[in-house]
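J.: what follows is a protein structure lacking sequence information:
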């Protein structure tokens, strides 16, 4: 889809005096973490460990990234394709959650953000020059990948900054090729996953929607492997419960990454994104999706579920709204959980051994989720030992 194609198709159905046409596309990621028994764990990511963003991105004054949550809404990006310059109001609401970062600046409330924006043509040179720099090698450089969508119209926004002592309030204009936001919450993703064994995942869809396309990936120590997974049918139907075989990580992760980049770009485009949008989404997440150590299932989410979890209100109402989100379900490897539990259970090790064990487990930013999975396993062990102890005591008394 090119800008010329969009504008010509819109012009064909819109003449002077009719309601102006607007097409909107959005992509984003939700991330969850699951224990081997299927518990959807709350997990903590300190600010220093979260995916860094450029300094110009605004942090919401009403919420904080510093906390436990079940689901992380990572990098939704909204592109606009009007038939002419127009003013638009956008409100995103995260059910059972809060929006933590945005750009351009939005008017925040506890669970939503609202933008009052003006859309300018993609070839507006003056506006394009005012988009803040985000250079390769700088903090948050991955953010700039979302800009590689040349047909997207430029978003212009004004806000009044809080006055500094002794100075009048300042009106600031911000420019970008999209609306960006991110958040944390406790919404239910609709999928339950657990690993009874290190090479097998059980998945259950508890929603009324079909999850049409899924991929399982194992990455560990520079090696990886992946395979596609059949669709997960709605709850209580024949294929709402799936058994997924996790492949052994036996190929260089760079080769696997190249395959997955091609696979996802095509699939995301088939689901409604333009080729440029699909490429931008994959480029943004290439390393963290495909190269972070771990076992994960990627599921393309049904738009109806996205609309329930993350309602989006746009005025004027778009003639077309495409929302393509990927659910990243991270799984705690049961063998690594057992190793961590054994290590913590004994609790006697010097600093070098502790550091080596931590590194060898390769937990990354999911380390605190692994801690909770280990606590869950330790509780099961203690419960089992307690009942055996009680049974033994009863037998001795007899």
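T.: Happy to help now that I have it. Note that the coordinates shown come from a computational prediction; the quantities given were computed from them, not determined experimentally.
J.: when you work out contacts or count neighbours from here on, use the C-alpha atoms and nothing else.
T.: Will do.
J.: does anything pack onto the longest helix along the chain? Which helices or strands?
T.: The longest helix of the chain (DSSP state H) is helix 367-397. Secondary-structure packing of helix 367-397 (3 or more C-alpha pairs under 8 Å, 6 or more residues apart in numbering; DSSP states H and E): strand 43-44, helix 334-346.
J.: quick check: domain ranges of this structure?
T.: 3-331, 335-397 (automatic domain parsing).
J.: which one of those domains is the most hemmed in?
T.: Across these, the average number of neighbours (mean count of other C-alpha atoms under 10 Å) peaks for domain 3-331, which reaches a mean of 18.
J.: CSV for the helices and strands packed on helix 367-397, including mean pLDDT?
T.: Converted to CSV, the helices and strands packed on helix 367-397 look like this (pLDDT from 0 to 100):
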stretch, mean pLDDT
strand 43-44, 80
helix 334-346, 90
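J.: can you list these in a markdown table and add distance to residue 249?
T.: Listed next are the helices and strands packed on helix 367-397 as a markdown table, based on distance: least, C-alpha to C-alpha, whole Å:
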| stretch | distance to residue 249 |
| --- | --- |
| strand 43-44 | 25 |
| helix 334-346 | 15 |
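J.: for residue 275, which of the ones you listed is the nearest?
T.: If you check each of those against residue 275 by C-alpha to C-alpha, strand 43-44 wins as the nearest, at 33.7 Å.
J.: name the strands paired with that closest one and say parallel or antiparallel.
T.: Partner strands and pairing direction for strand 43-44 (DSSP bridges) are strand 68-69 (antiparallel).
J.: which residues touch the closest residue to residue 140 other than its chain neighbours?
T.: Nearest non-adjacent residue to residue 140, counting by C-alpha to C-alpha, 6 or more residues apart in numbering: residue 53, 4.1 Å away. Shown in contact with residue 53 (C-alpha atoms under 8 Å, 6 or more residues apart in numbering): 139-141, 143.
J.: helix/strand/coil for residue 53?
T.: Using DSSP: H, G, I helix; E, B strand; the rest coil, the structure places residue 53 in coil.
J.: what's the spacing between it and residue 180?
T.: Distance of residue 53 to residue 180, given as C-alpha to C-alpha, to the nearest Å: 11 Å.
J.: where does the chain dip in pLDDT?
T.: The chain contains residues with pLDDT under 70 at 1-20, 46-50, 61-67, 164, 397-398.
J.: again, 80 this time
T.: Within the chain, the ranges that satisfy pLDDT under 80 run 1-20, 44-51, 60-67, 110, 161-170, 347-348, 397-398.
J.: contact partners of stretch 310-325?
T.: Against stretch 310-325 from outside (C-alpha under 8 Å, 6+ apart): 21-30, 88-95, 268, 271-273, 300-303, 306.
J.: in helices, which of those appear?
T.: Of the contacts of stretch 310-325, the ones assigned to helices by DSSP H are 268, 303, 306.
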